[in-house]
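Visitor: My questions concern the predicted model and sequence given below.
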Amino acid sequence: MTASRSPLSDMKAESSAKSFDSIGEIMDAVKVGDRFVSIYPIPSGVVTIVDPATNTRGLLLRTGLIAPANGSVNLFAGAVAPSNAGDTTKAIIFSGNGASAVGSASEVVLPYPLFIPAGKGLWVGTSVPSDSARAAGIALTWDLLA
């Protein structure tokens with residue numbers, strides 16, 4: 001005798017691997033990375049998040065949030081660090097720009113995971129002074145591939 005599977009058990013299995021948005025459509029869940037950084041306030045200049053030498057097999061940037069305050073925050077990827085927070089000769093892979101009114105704030109969410117090839121690092125830079133009353137911030141999670 002063979003056991004039959006209930007359609008209900010199939011539905012439970014599918015819903016456990018998926019989540020639903022506010023209108024009931026199925027969405028894939030994004031895994032949070034095992035490594036993370038939360039920087040607030042972001043210091044002036046360029047800050048190294050992942051040194052290219054530690055990214056030996058590739059990196060998956062899983063989640064990201066930028067709070068740009070009244071300025072810009074740029075996340076760079078490459079083999080060489082950017083020279084400044086607005087270096088347009090380097091790849092800016094995630095950016096947030098803000099001009100929010102006093103008493104309000106904005107936040108930019110990374111819309112999907114990004115793959116960063118081996119040998120490339122991550123850096124963040126901001127135009128907002130770290131001693132500003134409304135400083136900028138960034139939060140990221142990622143996994144280094146094995």
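Guide: It's in.
Visitor: if we look at the helix or strand containing Gly125, which residues are touching it?
Guide: Assigning secondary structure by DSSP states H and E places Gly125 in strand 121-126. Contacts to strand 121-126, defined as CB atoms under 8 Å, 6 or more residues apart in numbering, come from residues 39, 42, 44-55, 59, 61, 68, 71-79, 81-82, 84-87, 116, 136, 138, 140, 142. All C-beta spots, glycine's among them, are computed from the backbone N, C-alpha and C.
Visitor: List the neighbouring strands of that strand plus their orientation.
Guide: Under the criterion DSSP bridges, strand 121-126 sits next to strand 46-50 (antiparallel), strand 72-78 (antiparallel) in its sheet.
Visitor: The first one: which residues count as buried?
Guide: In other words, strand 46-50. 46-47, 49-50 (16 or more other CB atoms under 10 Å).
Visitor: That one - what's its average pLDDT?
Guide: Averaged across strand 46-50, pLDDT comes to 97.
Visitor: Next: the longest one.
Guide: In this model, strand 72-78 has an average pLDDT of 96.
Visitor: in the next helix or strand after that strand, what's buried?
Guide: Counting by DSSP H and E, the next helix or strand C-terminal to strand 72-78 is strand 91-97. Across strand 91-97, burial judged by 16+ other CB under 10 Å covers 92-94, 96.
Visitor: Quick check: which element contains the residue nearest the centre of the chain?
Guide: With distances taken as CA atoms, centre = their mean, the chain has Gly64 as the residue nearest its mean C-alpha position (2.1 Å). Assigned by DSSP H and E, Gly64 falls within strand 59-67.
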